[in-house]
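*Asks:* Sequence first, then the predicted structure:
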Amino acid sequence: MSSSRFDRAATRMDYFADLAENVRLAMAEDLGGGDLTAALIPAGRRARARVIVREAAVVCGTRWFDAVYAAVDPSVQVQWQVEDGAKVEADTVLCEITGSARALVSGERPALNFLQSLSGTATVTARYVAQLAGTTTRLLDTRKTIPGLRRAQKYAVKCGGGYNHRAGLYDGILIKENHISAAGGVMAAIQALRATDTPVPIEVEVETLAQIEEAIAAGADMLLLDNFALTDMREAVALAAGRVPLEASGGFDFDDLPAVAATGVDYVSVGALTKHLRAVDLSMRISDLS
């Protein structure tokens, strides 16, 4: 098995399958029965607005932004100056919006919420990817995502230059400590899965160097090195000797990434990409009324 496993997984993932439901829920919680404040604007008034990013960022979430305004008023037009995945500097105009003034203000918050949050995930991912520049180690996300926004956040990771681990428990296998204990050992756990003719690779979490040979002998396709020290990662790479890819997870910080990659592991997975979310600073300003 090669690193293309995660490339194939990303290709299979339909990042936008939940988009309509994401937007429906966002609109329901923000607009409810209607925008009471927007009533102060004359019904026929039209406006133009611009969305500006106030800091350097990687843009993500344009489809969700568009879908919000399509739901508020299909006649609203959004003209993007950038695409998802674009790296922009502070004070860049991301898009211009024209249409009913009421619609523009009613859709502002849910539209910006999607754009600022997904851009936040893409931006931090790009920072982590930059830490691995010049190495063969790839950055993976995890399932530590905002409930209901997993596909959206995994799309944001892709826009930031990272790779997707499994989408959920249904499309990938990771045998962890509790699985091993419940099954009666690594060998028993893998044999039980092989008996189901599962079509996906089997990854096994190992916590000690002694477990590496056991997991490989049992038929693991990939190993997750859980909270290994750098010295142990290097030894794990030597023990595995290229027989299976190795993923490092836990026990290291952002500044440690170059050293982690230098051990020779194939992947590092980082939950902070999606769970420690800091939204990008955006603003929307109406500049033209008619």
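*Replies:* Nice, I can see it.

*Asks:* so where do the strands sit in this protein?
*Replies:* 46-53, 57-58, 77-80, 87-88, 92-100, 138-140, 173-175, 202-206, 222-226, 246-249, 267-269, 282-289 (DSSP state E).

*Asks:* any chance of those strands in JSON lines, plus mean neighbour count, mean pLDDT and distance to V68?
*Replies:* Placement of C-beta: from N, CA and C, glycine included. As requested, the strands of the chain are exported to JSON lines (neighbours: other CB atoms under 10 Å; pLDDT from 0 to 100; distance: least, CB to CB, whole Å):
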{"stretch": "strand 46-53", "mean neighbour count": "19", "mean pLDDT": "97", "distance to V68": "12"}
{"stretch": "strand 57-58", "mean neighbour count": "26", "mean pLDDT": "98", "distance to V68": "19"}
{"stretch": "strand 77-80", "mean neighbour count": "14", "mean pLDDT": "98", "distance to V68": "10"}
{"stretch": "strand 87-88", "mean neighbour count": "17", "mean pLDDT": "98", "distance to V68": "20"}
{"stretch": "strand 92-100", "mean neighbour count": "19", "mean pLDDT": "97", "distance to V68": "11"}
{"stretch": "strand 138-140", "mean neighbour count": "22", "mean pLDDT": "97", "distance to V68": "29"}
{"stretch": "strand 173-175", "mean neighbour count": "20", "mean pLDDT": "94", "distance to V68": "35"}
{"stretch": "strand 202-206", "mean neighbour count": "23", "mean pLDDT": "95", "distance to V68": "37"}
{"stretch": "strand 222-226", "mean neighbour count": "23", "mean pLDDT": "96", "distance to V68": "38"}
{"stretch": "strand 246-249", "mean neighbour count": "25", "mean pLDDT": "98", "distance to V68": "35"}
{"stretch": "strand 267-269", "mean neighbour count": "23", "mean pLDDT": "98", "distance to V68": "31"}
{"stretch": "strand 282-289", "mean neighbour count": "13", "mean pLDDT": "89", "distance to V68": "12"}
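
*Asks:* Looking at those, which is nearest to R166?
*Replies:* Among the strands of the chain, strand 173-175 comes nearest to R166, with 7.1 Å by CB to CB.

*Asks:* What pairs with the closest one, parallel or antiparallel?
*Replies:* Paired neighbours of strand 173-175 in the sheet (DSSP bridges): strand 202-206 (parallel).

*Asks:* Relative to A122, which of the strands of the chain is closest?
*Replies:* strand 57-58 (4.1 Å).

*Asks:* End to end on stretch 132-152, go ahead and measure it.
*Replies:* Stretch 132-152 has an end-to-end distance of 24 Å (criterion: CA to CA, to the nearest Å).

*Asks:* what's the closest of the strands of the chain to A152?
*Replies:* A152 lies closest to strand 57-58 among the strands of the chain, at 14.6 Å (CB to CB).

*Asks:* neighbours of E213, just the number please.
*Replies:* Residues lying near E213 (other CB atoms under 10 Å) number 13.

*Asks:* same question, D141
*Replies:* For D141, using other CB under 10 Å, the count is 30.

*Asks:* Make CSV from the strands of the chain and add distance to Q191 to it.
*Replies:* Shown next, in CSV, are those (distance: least, CB to CB, whole Å):
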stretch, distance to Q191
strand 46-53, 52
strand 57-58, 44
strand 77-80, 52
strand 87-88, 47
strand 92-100, 53
strand 138-140, 27
strand 173-175, 11
strand 202-206, 11
strand 222-226, 17
strand 246-249, 22
strand 267-269, 25
strand 282-289, 52
